[in-house]
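Participant: 3D model of this:
(chains A and B)
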Protein chains: 2
Amino acid sequence: MATSAEEEEELLDEHHRINLRRSASNVTSQVAIVGSHVCPIESLDYELVENDLFKDWRHRGRAHIICYVTLKWSLCFLIGALAGAVGFFNNLAVENIAGFKFVVTSNLMLAKKYAWAFGVFAGSNFVLAMFASVLTAYIAPAAAGSGIPEVKAYLNGIDAPDLFSLRTLVVKVVGCIAAVSSSLHAGKAGPMVHAGACIASTLGQGGSGKYHLSCKWPRYFRNDRDRRELVTCGAGAGIAAALRAPVGGVLFALESVSSWWNSALLWKAFFTTAVVGVVLRALIDICNGGKCGLFGKGELIMFDVTSDTIAYHLADLPPVILLGVIGGLLGSFYNFLLEKVLRIYNLIHEKGIGYELLLAATVSILTSCCLFGLPWLASCRPCPGGLSEVCPSIGSGFGIFKKFQCPPHHYNDLASLLFNTNDGTIRNLFSAGTDAVFQKSSMLLFFAASYFLGIVSYGLVAPAGLFVPLILTGAAYGRLVGMLVGKHSTLDHGLFAVLGSASVLGGSMRMTLSVCVIILELTNNLLLLPLVMLVLLISKTVADTFNANIYDMMVKLKGLPYLDAHAEPYMRQLTVSDVLTGPLQIFNGVEKVGNIVHVLKTTGHHGFPVVDGPPFSSSPVLFGLILRAHLLVLLKKKEFLHACTLSGVDASKQFSADDFAKRGSGRCDSIEDIELTGEEMETCIDLHPFTNTSPHTVVETMSLAKALILFREVGLRHLLVVPKSSSSPPVVGMLTRHDFMPEHILGLYPLLLKSRWKRSESPLLLK
Amino acid sequence: MATSAEEEEELLDEHHRINLRRSASNVTSQVAIVGSHVCPIESLDYELVENDLFKDWRHRGRAHIICYVTLKWSLCFLIGALAGAVGFFNNLAVENIAGFKFVVTSNLMLAKKYAWAFGVFAGSNFVLAMFASVLTAYIAPAAAGSGIPEVKAYLNGIDAPDLFSLRTLVVKVVGCIAAVSSSLHAGKAGPMVHAGACIASTLGQGGSGKYHLSCKWPRYFRNDRDRRELVTCGAGAGIAAALRAPVGGVLFALESVSSWWNSALLWKAFFTTAVVGVVLRALIDICNGGKCGLFGKGELIMFDVTSDTIAYHLADLPPVILLGVIGGLLGSFYNFLLEKVLRIYNLIHEKGIGYELLLAATVSILTSCCLFGLPWLASCRPCPGGLSEVCPSIGSGFGIFKKFQCPPHHYNDLASLLFNTNDGTIRNLFSAGTDAVFQKSSMLLFFAASYFLGIVSYGLVAPAGLFVPLILTGAAYGRLVGMLVGKHSTLDHGLFAVLGSASVLGGSMRMTLSVCVIILELTNNLLLLPLVMLVLLISKTVADTFNANIYDMMVKLKGLPYLDAHAEPYMRQLTVSDVLTGPLQIFNGVEKVGNIVHVLKTTGHHGFPVVDGPPFSSSPVLFGLILRAHLLVLLKKKEFLHACTLSGVDASKQFSADDFAKRGSGRCDSIEDIELTGEEMETCIDLHPFTNTSPHTVVETMSLAKALILFREVGLRHLLVVPKSSSSPPVVGMLTRHDFMPEHILGLYPLLLKSRWKRSESPLLLK
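Facilitator: Okay, here's the model as predicted:
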């Protein structure tokens, strides 16, 4: 073992301090440092609790199983249908609200009332942005931001109350529509992922209890295992609905969000997103009747750029490789800047809701000024001849030739990028055969504005995603590269834009397969596949040498104890007993009520080993593990024993397994709510029937790296550490998620931080 | 617990019999019952062995890590490049050999020498098929069949010697080219998966030792964990190369082949298939110069059926749903028939290589007769006017209008399907705007022939895949449905063919995401996505109610102990101690050499608990687990102790960790090879430094279902069972893969088979 005697001593010295910190960590180290409100979190538990009461679970009959399976698939269907409908409604609302705004503004511009036009534009943006911010700040603070980091943390095993409540869902959807319509540089994909997860979670627990909407499901889905699956499907459905990319949605859920996969889950996620795809296709069919207002006629492929003339050869490789390298740099620099901005915003947010709203207002006005002001810098260009499109487009046109302030038969190329909806801009950038439409200076200005606005808009209190801003920024960057390369490449600038989007997404999000498929599904361009893959490979590799992906960065910034799949190198040197801290709270098989209440009140632990001592066993024996939630149920029921002996009565007569079913997120009993008389405190409870008799254990000499694999792969919340020798007490400690956190371990062994084993900043070496 | 007293008694009665069976099972129950040769198998071990010798692994420096990571990525690159090259070569060879055959035959037909034409056709088919069969039967029997079931079993943790040897690779590739060129109804995708896995495994172990090609890698990849990752990447690269579907390749590897995934592995697999994509694209660029003979000009999309007029509406839904339902039925019936045929073939194969070859010869002649004979049943039709294609095509044309026996300006539609290469037929069936080209009777005949030939051709001794036959059959079925639906649907028959392929693939292979993406990548038709997803959902659901997927069926037929991810319902009722059988072989911390040799010679176990008894410890203590392979190394080295006490010397001075590194597949020492004198037999070995001190353990009261999750998720080979009470011996048994097999458990508790808990035949209820 590498633990030197010095380190051991240090461990002992620090013991008191560490205990203090550990007991405090249940409240303070687990709060979001980014985001408006403190949000205490809890771990999820995927272990099968095998106590006497769960016999009925073991003995489920065939009818029960059929009912369970049917219900599960019905839920998946409902999640898909609802997510598809919400995504479509979202899109429709944004196109109509933002569209109306642009129509009014354009008409004023046409009448040369420029000041009025700016007033209407900035005013409506301001109102929409403030509406989204106020809604989020006062009603559901958990709905702020993208939500993907929180969903990712949830699927890793970290629960936060209100994360998936009905209120969060409503605020997320309405707030996202308002924020995106307000021309803030915000996407709808992230919020849709969160909304999909909310839908899944709310359906899974039978509706929201808070608003008395709850219906009585069989308690099948009242456990973390099933909810995890549903939330994974919901997250996939969210992306599928937002980007109309069903396959990309499944892959996104599996690659970037989920921490545990298996084939059955894949199949469920596929089913859910297939429902999304079919629902979207059917809704678009309705819109093609012309009943969707400014949304117009939709297509399943959002930015269809199929062209017959995609040909590329060896000569195109150098510019594409260059694109990937710089895209990786831009992406990782984006992450770096975003982290800095989020830290600054966090300081502002800590001062109160007033400051949060002030910040949102400032960014909204800044955005309006940029979007309205910058196009004046671009020179008007005459419309090219022989066009199928109207030039310049007037009124409701989101097209590529915006009139803006230009004289007749002229267009402003920068206005068609800035003074447009996000989807319209992306379509313009991706479209083929438009090499001559844009000027280098306009593209550079747009790229800089987009990069800058994307970074300052994310940390606001309103719901906002990162996907669309990154696609926009990347497309501008790609086109710019295409323009600079000029005749050295035969590739169309529209294809350069697609590749640029891929490279910036790859550089910032570090997803490969899902970005690749999403790009294909967005653009319907399979022939480009080898180039997209190449660009993604390069940009991810380049970016990985600098920092972690944007979601991991945000998870860390929010202080969520995310458990990585890989072990840090120094974890191989430490054994599990090296990181155990704090006195272990143990219960006897038959325990005094007063003792239990005292322990529950004075500690924040959620699981306690149960040890059978001398009266019941010749030597102390580990009987199992009991959960705090189950103890609270026992204390509430008040079926106490007056003599501290084995009860002998059948516990299943007093309790049904439903009593112990886990309720929805954030609805836990607290020990403070239970009032017991002094007499009752002297009685006993026989814990045996309620104890999980087969908790997972590891021997104290196991390396931390090996224990981490077990903990993470099986999805544990508590891992008991047993001694090597039989003469010791039967359990020497308990590992939880926090004991595997690098911060905790490096706190115990600061020397590791200085040694060559220090946490590798670059994820490249850990894979 | 559900174990009644009766069952316990039965258990005791059966004890002897079970022991016999269990000890025998290491040889006989684990052999392929389908396939030509007996092939003993072994489990793989993904557990970290934490003994004194692996200190150096724990202390790897930064330079080592960088070297390791670089090497790993270089290997992925090489795997991708080689698999791409092999896949391309494969394709090129098939098109040229089969193409030459068809050119010669067509020319003879043109000269009306029909008998000669048949002779040349059947003769060349016979020679090619026999070449493939003889090669496989005599040189590398492991190369027979598709190989996907074996790769799937390997990634689940079942190793078989010679499965991934260099010899298997060569025979697989050459045999597959010959078999496919011989017009046998065989695909190239499955063999390419196996070939990709062979490439990965051979590269990972530094070349083939047998032919002295081995080079000295650092021993990094001499372990099962790293080889598992490489083989996963290799399998993905195989599909990517065979079908030119890079994204589909990754998904296939993850969804259908691999048992364990994580994000890092996904990223590696993506890297590998991206390399395949780029290499294929580059090679196709070379062919476009016209230097590839009859291969002609290739495209990255194999069957590009993009058409501008894909429109579908609600009215098209009923036929598509019908297509999915019947496709599911056809697919599951295919699996059912294939199993019966494989069982019959197995009886023939057991009689010897002569009978195997006779069978192959019979099927080859039968196939030639079908392909040449059936087109005579179709009536000649006049060429339609206004074609861009030549009609009828003469000579080397693989086109849609075959002349065959027809008079000038007439074509034979059945000949263009039967008398063609597989790729040519699929292209004809998928092509749009050809609704009037084919007759219903021809399509029905072709469908029946294809269904029948696909089933009888698979079990032969030659390398043959299932993917392409299923695509063919499905395409014919889809077109037939399209023809029968007629004017009730506006969908093109080519699209019906694509959907038909998806439905039959979904019904037989039960893959969803990967089939969906592969279909898209084959046809470049993203607009069809919602329909493809819908069809896959329906056909998989329908088929799942009848039987398991084709690969699982074959894995079971081959007797491979595949560990499913889900637990059977009755496993919740049994505890781990219920399935423990046989006396446990335990070693002392310092053990006599004679004892070790005796135990190794008389048992087939691969891991033994090491218990420290009274001389070294006050009461018996479980020290750890030692592996047979490590014991053999110790016995070979002959560093024995003359007194049976703790050695005290540093073991790492006598051994380097390299001595214990796992060698390549199938190259294990045997206890029979070690010769020891009587004197040496009396000496002792101190096992402590070589024992894995932290094996995974479970308590004897844990349910089998819970232990299965641990065993499978962590990827164990041995799981020690410890007693609940401390007064018992420190270890009561050991679980291996076989203890979780339904066959084993139902052998112990035959009552479960009759109860309502019987193994569910339909996979639908288990997911």
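Participant: check the stretch 201-350 of chain A for the residue nearest chain B and tell me.
Facilitator: Chain B sits closest to A:Ala274 of the stretch 201-350 of chain A, with a gap of 3.7 Å, by CB to the nearest CB. C-beta coordinates here come from the backbone N, C-alpha and C atoms, glycine included.
Participant: tell me how many other residues surround that residue.
Facilitator: By other CB atoms under 10 Å in any protein chain shown, 31 other residues sit near A:Ala274.
Participant: and A:Lys113, by the same measure?
Facilitator: Neighbours of A:Lys113 under the rule other CB under 10 Å: 14.
Participant: ends of stretch A:105-120, how far apart?
Facilitator: One end of stretch A:105-120 sits 7 Å from the other (CA to CA, to the nearest Å).
Participant: ugh, wrong one, stretch A:402-419
Facilitator: 8 Å.
Participant: identify the residues contacting the residue sitting nearest the centre point of chain A.
Facilitator: With distances taken as CA atoms, centre = their mean, the residue of chain A nearest its centroid is A:Ile148 (1.9 Å). By CB atoms under 8 Å, 6 or more residues apart in numbering or on different chains, the contact list for A:Ile148 reads A:190, A:193-194, A:235, A:256-257, A:465-466, A:551.
Participant: per-residue confidence at it?
Facilitator: Note on A:Ile148: pLDDT of 92.
Participant: same check, this time on A:Met302
Facilitator: For A:Met302, the model assigns a pLDDT of 74.
Participant: quick one: it is in a strand?
Facilitator: No. Assessed with DSSP: H, G, I helix; E, B strand; the rest coil, A:Met302 is coil; it does not lie in a strand.
Participant: how about it, phi and psi?
Facilitator: phi -70, psi -40 (degrees, to the nearest 10).
Participant: tally of neighbours for it?
Facilitator: Neighbourhood size, A:Met302 [other CB under 10 Å]: 19.
Participant: hmm, it is touching A:Arg244, no?
Facilitator: Yes. Contact criterion CB atoms under 8 Å: A:Met302 and A:Arg244 qualify, at 5.5 Å.
Participant: and the residue of the stretch 201-350 of chain A closest to chain B, which helix or strand is it part of?
Facilitator: helix A:263-287 (DSSP states H and E).
Participant: list the buried residues in the helix or strand just after that helix.
Facilitator: From helix A:263-287 onward toward the C-terminus, using DSSP H and E, the following helix or strand is helix A:317-349. Using 16 or more other CB atoms under 10 Å in any protein chain shown as the test for burial, helix A:317-349 gives A:319-320, A:323-335, A:338-339, A:342, A:345-346, A:349.
Participant: how much does helix A:317-349 deviate in direction from helix B:263-287?
Facilitator: Helix A:317-349 runs at 150 degrees relative to helix B:263-287, counting by axes from the mean of the first three to the mean of the last three CA atoms, to 10 degrees.
Participant: counting by contacts, list what helix A:317-349 packs against.
Facilitator: helix A:353-373, helix A:440-458, helix A:467-485, helix A:493-509, helix A:529-544, helix A:550-557 (3 or more CB pairs under 8 Å, 6 or more residues apart in numbering or on different chains; DSSP states H and E).
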